[in-house]
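1. This is a predicted model, with the sequence first.
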Amino acid sequence: MTFVRGLHPDKVKRTALRFSYTLGLGGISIGLTGVLVLTGVLLAFGYRPTTAAAYVDTQAFGQASYPLFLRSLHAWSAYLLLAAAFLHLVRVFYHGAYRDDRRWNWMVGVGLLLLVFFGLVTGAVLPWDEAAMAVLALFGAVAEAVPFIGSWLRGALFGPTADAVLLRAYVFHVLIIPGLLFAGVLIHVWRVRRDGLSGPGES
Ligand code: HEM
């Protein structure tokens, strides 16, 4: 309870904490991020990021040696996090809580939402199955369509070989994106404390 209170400003109006006001969506997003990290670390013990092993390893997650639900729990908490963070954005927008000093935290929030999205995209590449090929084809075409730097960008993101693109997706998925997400959530919660929570009737 002390921890939950610590995530909020020192002084806050009782009405601003009402579940009917925040819908608990920020807290739900933090909880889902925790589930993602935990299940992700457990999955990492059974996954090798090479084109020869990735498909075999992810298929093995469905077999008896690995708890069947672990892969699904990881994927579902990622989809739910995207939904919860988006609904949180809608709730903040609806209450006009993005104005004045809170505009900085709105921008941190947009960054967090983008990170969650790219976490899903890089995660979809890791099983190295048909869906992964579709994601790579789509994002390769999007990168190439960027004016002037398109082909350079595609080369930089994908690398020279199939193993290189899988390794890059893996490094982004397990190191860079979670690291930035963790730092971003810390900054976001610190800004909520600093700026104070908005409340019903005053944004
Ligand atoms: C991983 C994603 C996110 C997490 C974990 C998170 C977490 C939180 C938490 C715990 C709060 C405290 C109040 C509440 O629960 O509503 C909060 C408030 C806030 N969040 Fe987020 N958030 C995320 C994404 C976003 C996004 C996408 C936006 C908008 C673009 C955003 C903008 C804000 C703003 C402006 C506040 C202050 C609201 C107020 O004073 O009423 N956040 N966030």
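-> Perfect, thanks for sending it.
2. which residue is nearest the middle of the protein?
-> Using C-alpha atoms, centre = their mean, the residue of the chain that lies closest to the mean C-alpha position is residue 116, 2.2 Å off.
3. Angles on the backbone of it, please.
-> Backbone torsions of residue 116, given as degrees, to the nearest 10, read phi -60, psi -40.
4. how far away is it from residue 65?
-> 30 Å (C-beta to C-beta, to the nearest Å). C-beta coordinates here come from the backbone N, C-alpha and C atoms, glycine included.
5. Over to residue 121?
-> Distance, residue 121 to residue 65, by C-beta to C-beta: 28 Å.
6. The two: which is more packed in?
-> residue 121 (16 against 8; other C-beta atoms under 10 Å).
7. What parts of the protein come near the ligand?
-> Within the chain, the positions near the ligand by C-beta under 6 Å from any ligand atom are 7, 22, 25-27, 29-30, 33, 85, 88-89, 92, 95, 97-98, 102, 105-106, 109-110, 112-113, 116, 185, 188-189, 192, 197-198.
8. Can you tell me the element residue 75 falls in?
-> Taking DSSP states H and E as the definition, residue 75 sits inside helix 69-94.
9. which of the residues in that helix are buried?
-> 70-71, 73-74, 77-78, 80-82, 84-85, 88-89, 91-92 (16 or more other C-beta atoms under 10 Å).
10. Mind giving me the packing neighbours of that helix?
-> Judged by 3 or more C-beta pairs under 8 Å, 6 or more residues apart in numbering; DSSP states H and E, helix 69-94 is in contact with helix 25-44, helix 102-125.
11. Just name the shakiest helix or strand of the chain by mean pLDDT.
-> Across the helices and strands of the chain, the lowest-confidence element by mean pLDDT, DSSP states H and E is helix 2-6, at a mean of 63.
12. Please pull up the helix or strand immediately following it.
-> Proceeding N to C from helix 2-6, the next assigned helix or strand is helix 19-22, under DSSP H and E.
13. which residues are in contact with that next one?
-> With contact meaning C-beta atoms under 8 Å, 6 or more residues apart in numbering, helix 19-22 is reached by 15, 16, 91, 95, 197, 199, 200.
14. Return the two entries of the residues you listed that lie farthest from one another.
-> 15 and 91 (15.0 Å; C-beta to C-beta).
15. can you list the weak-confidence ranges in this structure?
-> For the chain, the stretches flagged by pLDDT under 70 are 1-12, 202-203.
16. one more time with 80
-> Scanning the chain for pLDDT under 80 picks out the ranges 1-17, 62-68, 201-203.
17. if I pick residue 87, what's in contact with it?
-> Residue 87 makes contact with 23, 25, according to C-beta under 8 Å, 6+ apart.
18. how close does it get to residue 182?
-> Here residue 87 is placed at a distance of 22 Å from residue 182 (C-beta to C-beta).
19. pretty sure residue 126 contacts residue 168?
-> No - using C-beta atoms under 8 Å, residue 126 is not in contact with residue 168; the gap is 11.2 Å.
20. I'd assumed residue 164 was in contact with residue 50.
-> No - the criterion here is C-beta under 8 Å, and residue 50 misses it with residue 164 at 10.7 Å.
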